[in-house]
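Engineer: Got a sequence here, can you model it:
(one chain, ligands or ions: 1)
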Amino acid sequence: MEDEIKRLAVLGSTGSIGRQTLDVVRALPRHFRIIALAAGKNLDLLAEQVAEFKPEFISYFSGRDENGEVEARLASLGGRFLPLEEMAAHPQVDTVVMATAGKAGLAPTLAAVKAGKNIALANKESLVMAGEIVTRQAKLSGARLLPVDSEHSAIWQCLAGENQAPHQIILTASGGPFRDFTPAQLEKVTVAQALAHPSWRMGKKVTIDSATLMNKGLEVIEAHWLFDMPFDRIRVLVHPRSIVHSLVEFADGSVKAQLSRPDMRLPIQYALSYPDRLPNPQLPRLDWDEFDSLTFSQPDLAAFPCLGLAIEAGRKGGTYPAVLCAADEVAVELFLSERIAFVDIAATVERTLAQHDGIARPTLEEVLAADEWAREEALKTAAGVKS
Ligand code: MG
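Structural biologist: A predicted model of the protein is given here:
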């Protein structure tokens, strides 16, 4: 069995997806081996992970380690330092788990794509900002993009065994903690309320994006690139229980859905074990004795304008999705530090997009320049929209 062990590089190992990836590896040590670990911020946790998994390669951003203590500890644990992009393309790596957050994930994703790797992709920005570039390169190199996000994993699982393009894909959204709030209630939402997601445990940025429905909009753009689907064949339904992770409707009207308890370890594991399914006693199962109803409803685009803004930016394409991402990141940071209100997140993104002169079929440099521009513009804009 030794030769069937998949060798993994986990980029972003100390974040939510990274930690849950390591949980899967702990549960299935005969199937996966960690060969490389990379983290940006939490060097203490990285040192614990390196001590446990003994990877051959490590990567970290040392800017936060002021007296070099953790760096010295990491060096004493062994493991050769590799820059992220070399790690993502290294010949000893079978599957790259791309869990680095934000646009820092873009360059290593492209390096893995160019090297023709299997890429378990959790980094949203790679496809939202540069979906055209990433998917074009993947076609050339034979790299495989294996979705990790629960919705895209669900669609991917529904498409298995089908040989025709689907008629429509339907992404489910929990609707976040404020799905029943009135506009007046939304004006007063606090950071603590926004961080209390009802069904998923995730990092702060994606939790806020779930509360504004921006996250679902970004997922629509990712689905467009991952499954080569036009935007008018992708729809969103609110499903608060987070049991049905997405659905696919076929030419004959038949609909397939993927169901499971909301636990990211399942889609992570499927991306790693694909095309096999592995029994993992640690994954929770649906309890069919306690099962009651599953409900679906239309998203409220007026109360949650970020969803519409994202889909519109996706349709326009070019540099608009990069501007959307950057403006949202700035706005979410301003909200988390209590400098703008929850509803100002959408207003900031909307005004930044309105100021942008898009470039069609941009190069990577043009995408990154649009990102820089949008960050500055969003900061200026946020000062103006502050309610
Ligand atoms: Mg998701």
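Engineer: Name all residues that make contact with the closest residue to Phe81 other than its chain neighbours.
Structural biologist: Setting aside the residues directly before and after it, Phe81 is nearest to Ile58 in space (Cβ to Cβ, 6 or more residues apart in numbering), at 6.0 Å. Bear in mind the C-beta positions are built from the backbone N, C-alpha and C, glycine included. By Cβ atoms under 8 Å, 6 or more residues apart in numbering, Ile58 lies in contact with 36-38, 46, 50, 74, 79-82.
Engineer: Swap in 10 Å and give it another go.
Structural biologist: 13, 36-39, 46-47, 49-50, 74-75, 77-82, 87 (Cβ atoms under 10 Å, 6 or more residues apart in numbering).
Engineer: Which ones among those residues lie within helices?
Structural biologist: 46-47, 49-50, 74-75, 87 (DSSP state H).
Engineer: Tell me how far the closest residue to the ion within the chain lies from Ser210.
Structural biologist: Ranked by Cβ to the ion, the top residue of the chain for proximity to the ion is Asp149, at 4.3 Å. Taking Cβ to Cβ, to the nearest Å as the measure, Asp149 falls 12 Å from Ser210.
Engineer: Please say which of the two ends up with more neighbours.
Structural biologist: In this view Asp149 and Ser210 are compared by other Cβ atoms under 10 Å, and Asp149 has more residues nearby, 29 against 23.
Engineer: quick one: that one and Glu222 touch, right?
Structural biologist: Yes: proximity of Asp149 to Glu222 meets the contact threshold set by Cβ atoms under 10 Å, at 7.1 Å.
Engineer: between these two, what contacts are shared?
Structural biologist: Common contacts of Asp149 and Glu222, defined by Cβ under 10 Å, 6+ apart, comprise 121, 124, 127, 171.
Engineer: When you compare pLDDT across these, which one is lowest?
Structural biologist: Within these, the minimum per-residue pLDDT falls on Lys124 (92).
Engineer: Phi first, then psi, for Val244.
Structural biologist: Phi and psi for Val244, reported as degrees, to the nearest 10, are phi -90, psi 120.
Engineer: how does this structure divide into domains?
Structural biologist: Under automatic domain parsing, the residue ranges defining each domain of the chain are 2-147, 151-262+287-304, 317-387.
Engineer: Would you format those domains as a markdown table with distance to Tyr274 included?
Structural biologist: Formatted as a markdown table, the domains of the chain follow (distance: least, Cβ to Cβ, whole Å):
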| stretch | distance to Tyr274 |
| --- | --- |
| domain 2-147 | 6 |
| domain 151-262+287-304 | 8 |
| domain 317-387 | 27 |
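Engineer: With distance to the ion as added columns, please give those domains in TSV.
Structural biologist: Converted to TSV, these look like this (distance: least, Cβ to the ion, whole Å):
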stretch	distance to the ion
domain 2-147	9
domain 151-262+287-304	5
domain 317-387	15
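Engineer: Now do the strands in the chain.
Structural biologist: With DSSP state E as the criterion, the chain has strands at 6-11, 32-39, 57-60, 80-81, 95-98, 118-121, 144-147, 168-173, 234-238, 244-249, 255-259.
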